[in-house]
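Enquirer: Quick one: sequence and predicted model below, then my questions.
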Amino acid sequence: MTRWLTEAVPRGRVAAFRTLIYLFVAADLVIFTPWVRTRVSVPGDLYQPLLIGRALPLPTPTETLVTVIFWSLLALALLAATGRAPRLLGWAVCALYLEWMIIAMSYGKVDHDRFGLLVALAVLPTAGRARHGDTTRTEAGGWALRVTQIAVICTYFLAAFAKLRFGGLDWLTGSVLARAIIRRGTDLADLIAQVPYLLIVAQFGIVAFELLSPLVFFLPPRWRLAMVGFFYSFHAVTIATITISFAPHLAAMTSFLPLERVRPLVWARRLVGRGTAAPLPTPPEQIRADAGAESPPLGDQASVVGRPAGP
């Protein structure tokens with residue numbers, strides 16, 4: 001079990017995953033969760049912190065606190081994406097983003113798609129230094145990626161458990177997807193809803209796929225990547241039909257991918273290199289002229305062993 005948890009991976013994969021995760025944190029602040037800053041206008045009495053917020057304890061959000069967290073986290077996440085000071089910057093980003101999520105989820109709604117991302121932020125500082133393109137292997141980095149993978153799969157499996165725990169078998173045979181389509185469905189979802197019993201079949205399929213998701217760890221590498229591709233396609237359909245984004249979860253799920261093969265800077269350099277003009281070929285007559293000029297006269301040739309010099 002320990003060998004599986006610490007399976008060594010290329011340091012380049014850890015570096016790429018680290019850059020992607022920290023860039024996503026920066027994007028999350030300005031694209032997906034900028035609404036957290038509006039929580040300061042909500043009366044403090046409505047702030048009901050999560051268990052971790054009560055245990056620490058953390059202060060009630062104020063405009064100053066939220067503003068400081070926002071700008072500090074944005075700057076530190078961008079710095080951490082460079083790979084410098086991985087432990088210092090990593091722990092700082094982890095602590096600030098955790099507080100950002102506690103503020104976001106302490107007003108009545110908790111999103112489960114953040115679990116894998118939070119685990120990734122917690123374990124990345126332990127991976128140590130890693131450079132893009134480095135093929136040497138690291139067990140510390142392998143452990144960080146494996147723990148993130150486990151968190152991603154737990155998100156699926158525990159989601160199915162929650163569906164059956166709170167909704168029972170009625171979740172499978174009820175109108176869960178139908179209500180979702182009515183609330184936030186797209187034109188594509190309207191077309192799908194017209195097919196008899198298709199939504200019921202889809203609900204059975206969702207629970208089955210979530211319960212079977214741990215099988216990804218028992219598949220050969222090629223089939224494992226195929227199953228992860230299926231996970232991504234599932235979320236693509238979800239976005240296209242009921243406009244629910246699992247962006248943080250999708251970012252954490254890249255821990256399954258061979259990210260060391262993705263080298264945008266190298267690709268850009270190659271593209272620029274192809275755009276430079278190649279030198280024109282030398283004409284054949286110029287080649288012959290140069291060869292004649294470089295050839296020494298016959299009388300200057302060195303003598304062959306056993307023969308006199310000259311003609």
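Expert: Alright, I've got the coordinates. Numbering: from 1, shown residues only.

Enquirer: From now on I want contacts and neighbour counts done on CA atoms only, so please keep to that.
Expert: Noted.

Enquirer: Go through the chain and flag its longest helix.
Expert: In the chain, with assignment by DSSP state H, the single longest helix is helix 139-162.

Enquirer: Pull the residues that contact stretch 63-78.
Expert: Identification of contacts with stretch 63-78 by C-alpha atoms under 8 Å, 6 or more residues apart in numbering yields 22-23, 25-26, 29, 37, 40, 89, 92-93, 96-97, 100.

Enquirer: Now that stretch: buried residues?
Expert: V66, F70, L73, L74, L76, A77, L78 (16 or more other C-alpha atoms under 10 Å).

Enquirer: Let me see the mean pLDDT of it.
Expert: Stretch 63-78 carries an average pLDDT of 95.

Enquirer: And for stretch 216-235?
Expert: On average, stretch 216-235 scores 96.

Enquirer: Mind listing residues that contact that stretch?
Expert: Taking C-alpha under 8 Å, 6+ apart as the rule, stretch 216-235 contacts S245, F246, L250, F256, L257.

Enquirer: With only the CA atoms kept, save it in PDB.
Expert: Output in PDB follows, covering the C-alpha atoms of stretch 216-235 (Å, rounded to 0.1, in the frame of the first residue of the first chain):
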ATOM      1  CA  VAL A 216      -9.900   3.800 -12.100                       C
ATOM      2  CA  PHE A 217      -7.100   2.800  -9.700                       C
ATOM      3  CA  PHE A 218      -7.200  -0.800 -10.800                       C
ATOM      4  CA  LEU A 219      -7.000  -0.200 -14.500                       C
ATOM      5  CA  PRO A 220      -3.800  -0.300 -16.700                       C
ATOM      6  CA  PRO A 221      -2.400   3.100 -17.500                       C
ATOM      7  CA  ARG A 222      -4.000   3.300 -21.000                       C
ATOM      8  CA  TRP A 223      -7.500   2.300 -19.800                       C
ATOM      9  CA  ARG A 224      -7.100   4.600 -16.700                       C
ATOM     10  CA  LEU A 225      -6.600   7.600 -19.000                       C
ATOM     11  CA  ALA A 226      -9.600   6.500 -21.100                       C
ATOM     12  CA  MET A 227     -11.700   6.400 -17.900                       C
ATOM     13  CA  VAL A 228     -10.500   9.800 -16.800                       C
ATOM     14  CA  GLY A 229     -11.400  11.000 -20.300                       C
ATOM     15  CA  PHE A 230     -14.900   9.700 -19.700                       C
ATOM     16  CA  PHE A 231     -15.000  11.700 -16.400                       C
ATOM     17  CA  TYR A 232     -14.200  14.800 -18.400                       C
ATOM     18  CA  SER A 233     -16.800  14.000 -21.000                       C
ATOM     19  CA  PHE A 234     -19.500  13.500 -18.300                       C
ATOM     20  CA  HIS A 235     -18.800  17.000 -17.000                       C
END
